[in-house]
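Trainee: What follows is a protein structure lacking sequence information:
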């Protein structure tokens, strides 16, 4: 099998009173136009935690410190509609403390931020975000989305794949 690098994403799970913070992506977004998603970004030449801290400031205008981030779920994603697509490893960090109130900092990437009950997410929400939040709620450390099982492999067990 040829070597294929995976893109790594850092996602922030802000929770407050049973609600999670989601942003609505703009209608002209290249990915997930008009769909709700947690604050996130691609890991550049930095650690995943450093990326999450950076994105909190850039997207929300809030201050987060690395020790206040807890890795709570990993999604390994392959776009099922694009078999030649780049695999993505999505890391979800629960934010235990932050300073400031989330506000719209990048209106070209997010048109609004809103708190949603964990049991009543808006439709549509990014599929792998829903899978991650479900995994977090169930205590599962890992979910894969879009991967086809190899012949004879079990697939779809909680926390081990969908």
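Mentor: Received, thanks. Since the model is a prediction, treat every value here as computed from it, not as a measurement. Numbers count the residues shown, from 1 in each chain.
Trainee: Okay, now the unreliable bits of this protein?
Mentor: 80-84, 150-162 (pLDDT under 70).
Trainee: where does residue 59 land in three-state SS?
Mentor: At residue 59 the chain is in helix, as set by DSSP: H, G, I helix; E, B strand; the rest coil.
Trainee: For residue 141, see how far away it is.
Mentor: To residue 141, residue 59 is 25 Å away according to CB to CB, to the nearest Å. C-beta here means a position set from N, CA and C on the backbone, and glycine is covered the same way.
Trainee: More neighbours: those two, which one.
Mentor: Legend: neighbour count by other CB atoms under 10 Å for residue 59 and residue 141, higher for residue 59 (22 against 12).
Trainee: For the more buried one, give me its contacts.
Mentor: 23, 39, 41, 105, 106, 109, 110 (CB atoms under 8 Å, 6 or more residues apart in numbering).
Trainee: again, but for residue 129
Mentor: Counted by CB under 8 Å, 6+ apart, residue 129 has contacts 11, 22, 36, 37, 38.
Trainee: Now a PyMOL select for only the buried ones of the residues you listed.
Mentor: Entered in PyMOL, the line below selects the buried ones among the contacts of residue 129, by 16 or more other CB atoms under 10 Å:
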select buried, resi 11+22+36+37+38
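Trainee: what ranges do the helices span in this protein?
Mentor: With DSSP state H applied, the chain shows helices at 48-55, 127-138, listed in chain order.
Trainee: Now render those helices as a markdown table, adding distance to residue 92.
Mentor: Shown next, in a markdown table, are the helices of the chain (distance: least, CB to CB, whole Å):
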| stretch | distance to residue 92 |
| --- | --- |
| helix 48-55 | 9 |
| helix 127-138 | 5 |
